[in-house]
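Q: just a sequence and a predicted model for now, questions to come.
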Amino acid sequence: MATSAKAVDSADVPVIDIDPYLENFAARGPEGRKQRQVLAESVEDLKKSGFMRSLVPSKWGGLEVPVQEFFRAQIKISEADMGTGWIAGVIAVHAFQIALMDEQAQRDVYGDDPDTCVSSSYNPVGGKTEQVDGGVKLSGRWGWSSGSEHCNWVLLGAIIAGEGYRTFLVPRSDYEIEDTWYAMGLQSSGSNDIVIDTPVFVPDYRTHKQMDGFNCLNDQENPMYSMPWAQAFARCVSTPAIGAAKHALQLFIDNASTSSSDPTRLIGDPDILRRVAEVEYLIDEVETLLFRNFDAMTALLEAGEEIPLIDRVRYRYQAGVVITKMMQAVDMLFETAGGRSVFLGSEIQNIWHDIHIARAHVANSPVAFARNLGNMMLGGENQDVFI
């Protein structure tokens, strides 16, 4: 594993060494779209870089990097290829939730290999549960399990009657992956269905109650793990759009700077200049808020203080609007990207599709989060526990 160290407040901490692999991710991107899976070679590169173990507790061989480093790396990966950045973040962020579970569950997953990959599908609609002695019988169908073909475990959401929502950690031997991912964007995310036809037993120690996540319960020494788990997950499905929008902007600038066939795209066109400036601002706005929020949460946790509930609600809403703003940014570029952009295989068109498909993820729909924030600002009670 290639890792290095840098000084942060005079303390050496491990960092993710992603830069040597970025060209590989970009070069493999087109084939990943065709295969509807990020290539296995890219997943191996993610492991070599340290990214896949970045949030795994150090006692299992993980890096425990600050979440800010995790998202900086995800932005870089997504700038090279959004599909790779999407599955990298979604898979690797699960180490954070597993770190909140019983120690035996952590050992089951990471005891032999801190680079073990875990996919997920948290929508509980398709899950069926039956409580039994020592655990739960689980069955059903779940969609949108990104990167699942590369994983040996899955986290599945389901409702237990009379109790509420739990997440269930299930080994690869207990479920099937059904190839359903025929999509117009994010093709390489391989977001296929997870199917459990015959109920399987999941011991209680391999489950995570939603309210335990909301209350930030954990046994880790690192205060990072007292950050609300939902804050990390919500960002891993919106942050890839930041990197992809950066890529689109650079493609647009390069094209506009060299075009000689279409006078409306020349570098001196005032509308082009306006669009470039406004897109750069939109990217900078969402990226700045991303790190400002995590810096603020980290400072409070390291001081032994709780993150105010109103801030958790505010940060959740701000994560939810990232895709909307990046759609706006890429739309502004695509509108004047020129005739070649309409043909299949156009890089900027691929990014346009990827970001618009990412908006379909429920975590990237900002309406409910806006209502909850407005409600609290006007004196109402919080209506969301996944914050």
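A: Alright, I've got the coordinates. This is a predicted model, so every value here is computed, not measured.

Q: which parts of stretch 299-309 are buried?
A: By 16 or more other CB atoms under 10 Å, the buried positions in stretch 299-309 come out as 300-301, 307. No exception for glycine: its C-beta is placed from N, CA and C like everyone else's.

Q: can you lay out those residues as TSV showing secondary structure and pLDDT?
A: Shown next, in TSV, are these (DSSP: H, G, I helix; E, B strand; the rest coil; pLDDT from 0 to 100):
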residue	secondary structure	pLDDT
300	helix	98
301	helix	98
307	coil	98
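
Q: pick the one among the residues you listed closest to residue 140.
A: Comparing the buried residues of stretch 299-309 against residue 140 with CB to CB picks out residue 307 as the nearest, at 33.5 Å.

Q: residue contacts, that closest one?
A: 227-228, 297, 300-301 (CB atoms under 8 Å, 6 or more residues apart in numbering).

Q: tell me which two in those residues are the farthest apart.
A: The span of these, defined through CB to CB, is set by 228 and 300 at 11.4 Å.

Q: now residue 231: how far from residue 33?
A: Distance from residue 231 to residue 33, counting by CB to CB, to the nearest Å: 31 Å.

Q: err, residue 212, not the other one
A: Residue 212 is 38 Å from residue 33, where distance means CB to CB.

Q: more neighbours, these two?
A: Between residue 212 and residue 33, residue 33 has the larger neighbour count (other CB atoms under 10 Å), namely 21 against 16.

Q: wasn't the more buried one part of a helix?
A: Yes: the assignment for residue 33 by DSSP: H, G, I helix; E, B strand; the rest coil puts it in a helix.

Q: was I right about it contacting residue 350?
A: Yes: the pair residue 33 / residue 350 is scored as a contact, 7.2 Å apart, by CB atoms under 8 Å.

Q: pop the domain breakdown of this protein in here.
A: Following the assignment in automatic domain parsing, the chain carries domains at 3-110, 118-210, 237-377.

Q: want to throw the ones you listed into a markdown table with distance to residue 383?
A: Shown next, in a markdown table, are the domains of the chain (distance: least, CB to CB, whole Å):
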| stretch | distance to residue 383 |
| --- | --- |
| domain 3-110 | 22 |
| domain 118-210 | 14 |
| domain 237-377 | 5 |
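
Q: can you tell me which of those domains comes nearest to residue 219?
A: Nearest of the domains of the chain to residue 219, taken as CB to CB: domain 3-110 at 7.0 Å.

Q: now that closest one: mean pLDDT?
A: Mean pLDDT, computed over domain 3-110, is 91.

Q: do the same with stretch 178-187
A: Mean predicted confidence for stretch 178-187 is 98.

Q: and if you look at stretch 364-376?
A: Rounded mean pLDDT across stretch 364-376 is 97.

Q: what about residue 294, distance to residue 281?
A: 21 Å.

Q: same check, this time on residue 246
A: From residue 246 to residue 281 the distance is 13 Å (CB to CB).

Q: residue 140 sits in which helix or strand?
A: strand 135-145 (DSSP states H and E).
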